[in-house]
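Enquirer: no sequence for this one, just the structure:
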């Protein structure tokens, strides 16, 4: 095991915070995006709590797979992928809301124009 | 005095973009925001796929570390009771029926022995605390009981 790498528990907890913050940001607008993000957050929490991924003791996921290096690598890789996707999504949601705002303003102009 | 036609001819494409509302059908949305909209949904799909693969990997862990408590008990515990005595006790006292197919009585006997060993095994390891997850569960159930009493 690479001692420099963060533990699965700390990585999972960090991701949980990241996904919840992203949900909070998108919750202001009840869009398809925020619903889907909330679903993702719920699924990630379910995975983490059911598999003791957020724990750091002898009941933890990391302790269960301490002998299986390939599994550790697999989990770490997938968590890193999720972290990157969340970071990209965080960046994109800024533009997404700009897009929504743009549509909102334009549709407002339509209404004003018709009346 | 300016006519309507003169005014209209002065309007440039830039003015149209600024004042008129391009629709999705026209395909005139500014490219960066539309791309970001599509990309956000693509990324969300990727996020859901990442989480699904975490679930799949965890299922693999559960399969790999699955332990049959009955198998462990049968390997660790030696049942001292003679088989004949058990047989007599089950067939005559517990299930007093005259016609028993031999395969059924054998199967019943095996199941009975396995259950006896499992109960002995649980009895021996009840307070040794070798299984942390069981301890956690026990602690949780104790906490829940306390909470129920407090309420």
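Expert: Yes, it's here. On a predicted model such as this, the values are computed, not experimentally measured, just so you know.

Enquirer: going forward, measure contacts between C-alpha atoms and count neighbours the same way
Expert: Noted.

Enquirer: averaged pLDDT, stretch B:122-137. What do you get?
Expert: In this model, stretch B:122-137 carries a mean pLDDT of 60.

Enquirer: can you pull out the low-pLDDT segments for chain B?
Expert: B:1-36, B:63-67, B:80-84, B:87-88, B:90-92, B:96-98, B:126-151 (pLDDT under 70).

Enquirer: for the helix or strand hosting residue B:122, name the packing helices and strands.
Expert: If you go by DSSP states H and E, residue B:122 is part of helix B:102-124. Contacts defined by 3 or more C-alpha pairs under 8 Å, 6 or more residues apart in numbering or on different chains; DSSP states H and E place helix B:102-124 against helix B:69-76, helix B:83-88.

Enquirer: which one of the ones you listed lies nearest to chain A?
Expert: Nearest to chain A, of all those, is helix B:69-76, at 17.5 Å by C-alpha to the nearest C-alpha.

Enquirer: just for chain A, where's the confidence low?
Expert: Ranges of chain A meeting pLDDT under 70: A:1-4, A:28-30, A:94-115.

Enquirer: ok, the most centrally placed residue in it - contacts?
Expert: Taking C-alpha atoms, centre = their mean, the centroid of chain A lies closest to residue A:19, which sits 3.2 Å from it. By C-alpha atoms under 8 Å, 6 or more residues apart in numbering or on different chains, the contact set of residue A:19 is A:37, A:41, A:86.

Enquirer: would a markdown table of the helices and strands packed on helix B:102-124 with distance to chain A be doable?
Expert: Below are the helices and strands packed on helix B:102-124 laid out as a markdown table (distance: least, C-alpha to the nearest C-alpha, whole Å):
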| stretch | distance to chain A |
| --- | --- |
| helix B:69-76 | 17 |
| helix B:83-88 | 39 |
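
Enquirer: could you dump these into CSV and include mean neighbour count?
Expert: Below are these laid out as CSV (neighbours: other C-alpha atoms under 10 Å in any protein chain shown):
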stretch, mean neighbour count
helix B:69-76, 14
helix B:83-88, 13
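
Enquirer: in a markdown table, list the ones you listed along with distance to residue B:114.
Expert: A markdown table is the format used below for those (distance: least, C-alpha to C-alpha, whole Å):
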| stretch | distance to residue B:114 |
| --- | --- |
| helix B:69-76 | 7 |
| helix B:83-88 | 12 |
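
Enquirer: let me see the contact set for the nearest residue to residue A:11 once chain neighbours are set aside.
Expert: Nearest residue to residue A:11, sequence neighbours excluded (C-alpha to C-alpha, 6 or more residues apart in numbering or on different chains): residue A:79, at 7.2 Å. If a contact means C-alpha under 8 Å, 6+ apart, then residue A:79 has A:11-12, A:15, B:50, B:54 as its contacts.
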